[in-house]
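**Student:** Predicted model, plus sequence, below.
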Amino acid sequence: MKSLLGLLGRFSALRAFGLISVLALCTQTRALDLSLANLGAIVTQGSGKSTVVDLTENPDGTISLAAEQSGHLSHLGHFTGSFDYLATIDYNTGTTFIGGDGVIRLAAGELFVSVQIVEVGIDYPRPYTGFLKITSGTGRFASARGVFEITGVDEESLTDGFVLTGVVLNAAK
């Protein structure tokens, strides 16, 4: 229990830092937005849908998931994605820790991301929040780094909506 509380404490601190950073970037003046654009930074927000296409219960109690996404991000356009996750469930608290990797495909290139999500609740619907850390990319995003905050609600169906807010750094023009 102590390690779980420690993990949640670190997650909350990271989430607060990330959210403050993203909000600070999103609320700056137009001049700063132009300066950020000159530095290859793109502040973006949008939404999408994620559908679980494969779910496997593992012998160790974890769940392996594969999911496909689609949606739209401001300043970047329509995207599709595919992700592989591993979910660990604490049945005493109803907390699910989800981690994995994926790719977000955009018209100008791909963003490769690592994902960390925490979902809470014993029964559906279960709210979740987390981060997608951009680790690399292709095309316009070959040198990209950055972070997206993801929020949503896990419904009982295999398709759920989500909201992304973030910043992509080092995006070529």
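**Tutor:** Sure, I can see it. Numbers count the residues shown, from 1 in each chain.
**Student:** Over the helix or strand where residue 149 lies, what's the mean pLDDT, rounded is fine.
**Tutor:** Using DSSP states H and E, residue 149 maps to strand 145-154. Strand 145-154 carries an average pLDDT of 97.
**Student:** quick one: the residue positioned nearest the centre of the chain from residue 58, how far?
**Tutor:** Nearest to the mean C-alpha position of the chain, counting by Cα atoms, centre = their mean, stands residue 132 at 3.4 Å. To residue 58, residue 132 is 23 Å away according to Cβ to Cβ, to the nearest Å. In short, each C-beta sits where N, CA and C put it, glycine included.
**Student:** just to revisit the earlier point, hey, what's the residue nearest to the centre of the chain bridged with?
**Tutor:** Beta-bridge pairing of residue 132 under DSSP bridges involves residue 115, residue 148.
**Student:** Tell me if I'm right that it and residue 150 touch.
**Tutor:** Yes - shown here, residue 132 and residue 150 form a contact pair, counting by Cβ atoms under 8 Å, at 5.9 Å.
**Student:** overlap in contacts of those two?
**Tutor:** 115, 164 (Cβ atoms under 8 Å, 6 or more residues apart in numbering).
**Student:** Now do the contacts for residue 108.
**Tutor:** Neighbouring residues of residue 108 by Cβ under 8 Å, 6+ apart: 76, 77, 139, 140, 141.
**Student:** Test my guess that residue 128 contacts residue 116.
**Tutor:** No - contact between residue 128 and residue 116 fails when scored by Cβ under 8 Å: they sit 10.8 Å apart.
**Student:** Find the residues that touch each one of those two.
**Tutor:** Contact criterion Cβ under 8 Å, 6+ apart; residues shared by residue 128 and residue 116: residue 98.
**Student:** Distance from the strand holding residue 149 to the middle of the chain?
**Tutor:** Taking Cα atoms, centre = their mean, to the nearest Å, the mean C-alpha location of strand 145-154 is offset from the chain mean by 3 Å.
**Student:** swap in stretch 153-169?
**Tutor:** Distance of stretch 153-169 from the chain centroid (Cα atoms, centre = their mean) equals 7 Å.
**Student:** And for stretch 70-78?
**Tutor:** The chain centre lies 14 Å from the centre of stretch 70-78; the measure is Cα atoms, centre = their mean.
**Student:** What's the ChimeraX line that selects buried ones from the contacts of residue 108?
**Tutor:** Buried subset of these, written as a ChimeraX selection, criterion 16 or more other Cβ atoms under 10 Å:
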select :76,140,141
